[in-house]
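1. build the 3D model from these lines:
(one chain, ligands or ions: 2)
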Amino acid sequence: MASPGQKVVLITGCSSGIGLRMAVILAKDERKPYHVIATMRDLKRKDKLVEAAGDAYGKTLSLAVLDVCSDESVKQCINGIKGRHVDVLINNAGIGLVGPVESISIEEMKKVFETNFFGVIRMIKEVMPDMKKRKGGHIIVVSSVMGLQGVVFNDVYAASKFAMEGFCESLAVQLLKFNVILSLIEPGPVHTEFEAKMIQEVKQKECPGADPETVHYFKNVYLTSSLNIFEILGQTPDDIARCTKKVIEASKPRFRNLTNPLYSPIVALKYADETGGLSVRAFYHMLFNLGPLMHASITTMKCLTCGCLRSRAVSPN
Ligand SMILES: NC(=O)C1=CN([C@@H]2O[C@H](COP(=O)(O)OP(=O)(O)OC[C@H]3O[C@@H](n4cnc5c(N)ncnc54)[C@H](OP(=O)(O)O)[C@@H]3O)[C@@H](O)[C@H]2O)C=CC1
Ligand SMILES: CC1=C(/C=C/C(C)=C/C=C/C(C)=C/C=O)C(C)(C)CCC1
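-> Ligands and ions are numbered 1, 2, ... in the order given. Model (predicted):
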């Protein structure tokens, strides 16, 4: 239970990856400003979290069951919290989906929206009314760079994150009137089970209904580029957790928080050309024409962002 003065932070999807590291980093803050309720849909998956939490487990970190796809589970979890009081709600639980659209069933697509979109809304609907009454609270949503810019063969996943962004952009305005803050965290590629599941999905999927040429682009061309991007630009779950902690602790938290400055130029293409042609053509070129040079072109982009190429251009020495 939270001690007086501690903020109650509830996080969804803490069995692995970003949610797990967020729970641990917040619970292990030596000043003990937080009581973290780390939730997961299946407590059988708690061991990694419990081990990483160490001494904090049972003190500044407690566990609860929560499946974001179930009204009952969400209600039960929130009703189990003293006074239903949540200061910071971190919507982290999410699933990926890759593949040619022709080969994905509508049921599979709905599952992605049920988790990534309705799962977040279900949480917000349960927690927000109390925050509005108290005139305080912070809702964090783990979106993605794919909530701003689509990526080939991630059509449905990107759509679920775009939907979330639209929902949050609209809601943030109303919430401000009630002193409730809403922030989006927008990571690029992060090394978690999400990446491993994506690789497994590409390798294992038989892609029924998709033609051989499309399957080749998915299994060979996309997978190679995607692995390159994870290798060159990938962040760790700790990077995302630290960035989120800063957002929670900021005196004026930002609405949008892109966590990876190296990925920003890829998102920026969209805003550089309002017709949308620039990003579509650039991604086409990177994917289908650059092939093995993709690695080099992303490294160049990275160097442009970090400044080393720019400084070399200014000073030839
Ligand atoms: N990794 C990446 O490259 C990026 C990830 N993101 C986003 O970050 C968030 C976390 O993903 P990440 O840590 O990378 O991936 P992981 O697969 O490691 O973690 C996802 C977590 O969500 C949980 N989850 C899935 N469905 C439900 C559900 N119905 N109810 C409750 N929990 C559920 C999983 O639980 P279980 O163990 O039970 O499956 C798991 O704990 C997601 O929203 C993802 O979209 C954003 C940008 C990049
Ligand atoms: C293939 C490919 C790309 C891939 C980007 C990837 C793979 C991004 C992954 C982001 C993740 C995993 C977000 C999670 O929410 C680019 C760079 C757009 C350029 C065009 C070709």
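2. residue in this protein with the shortest distance to ligand 2?
-> residue 144 (3.0 Å; C-beta to the nearest ligand atom). Glycine gets a C-beta too; all of them are placed from N, C-alpha and C.
3. got the contact list for that residue?
-> 157, 158, 161, 186, 187, 188 (C-beta atoms under 8 Å, 6 or more residues apart in numbering).
4. for residue 86, same thing?
-> 8, 9, 10, 37, 78, 127, 130, 131, 137 are the contacts of residue 86 under C-beta under 8 Å, 6+ apart.
5. surely it is within a helix?
-> No: according to DSSP: H, G, I helix; E, B strand; the rest coil, residue 86 belongs to no helix; its state is coil.
6. I'd assumed residue 185 was in contact with residue 255.
-> No: look at residue 255 against residue 185 with C-beta atoms under 8 Å: they stay out of range, at 10.7 Å.
7. pick out whichever of the two has more residues nearby.
-> residue 185 (25 against 13; other C-beta atoms under 10 Å).
8. what helix or strand does the more buried one sit in?
-> strand 180-186 (DSSP states H and E).
9. ok, the following helix or strand past that strand near ligand 2 or not?
-> For strand 180-186, the following helix or strand on the C-terminal side (DSSP H and E) is helix 193-204. No: in terms of C-beta under 6 Å from any ligand atom, no part of helix 193-204 sits within range of ligand 2; the closest distance is 6.7 Å.
10. helix 193-204 - contacts with which helices or strands?
-> helix 223-233 (3 or more C-beta pairs under 8 Å, 6 or more residues apart in numbering; DSSP states H and E).
11. tell me how far the next helix or strand after the helix it packs on lies from the chain's centre.
-> Using DSSP H and E, the next helix or strand after helix 223-233 towards the C-terminus is helix 237-249. Relative to the chain's own centre, helix 237-249 is displaced by 12 Å; criterion: C-alpha atoms, centre = their mean, to the nearest Å.
12. give me the buried positions along helix 237-249.
-> For helix 237-249, burial by neighbour count (16 or more other C-beta atoms under 10 Å) applies to 237, 239, 240, 241, 243, 244, 245, 247, 248.
13. circling back: which residues does the strand holding residue 185 contact?
-> So strand 180-186 is contacted by 128, 131-132, 135-145, 147-148, 164-165, 168, 171-172, 175, 240, 243-244, 247, 253-259 (C-beta under 8 Å, 6+ apart).
14. strands of the stretch 1-150 of the chain, start to end?
-> Assigned by DSSP state E, counting those that start in this stretch, the stretch 1-150 of the chain shows strands spanning 7-11, 34-40, 61-65, 88-91, 137-142.
15. that older thread, now the contacts of residue 86: which count as buried?
-> Applying 16+ other C-beta under 10 Å to the contacts of residue 86 flags 8, 9, 10, 37, 78, 127, 130, 131, 137 as buried.
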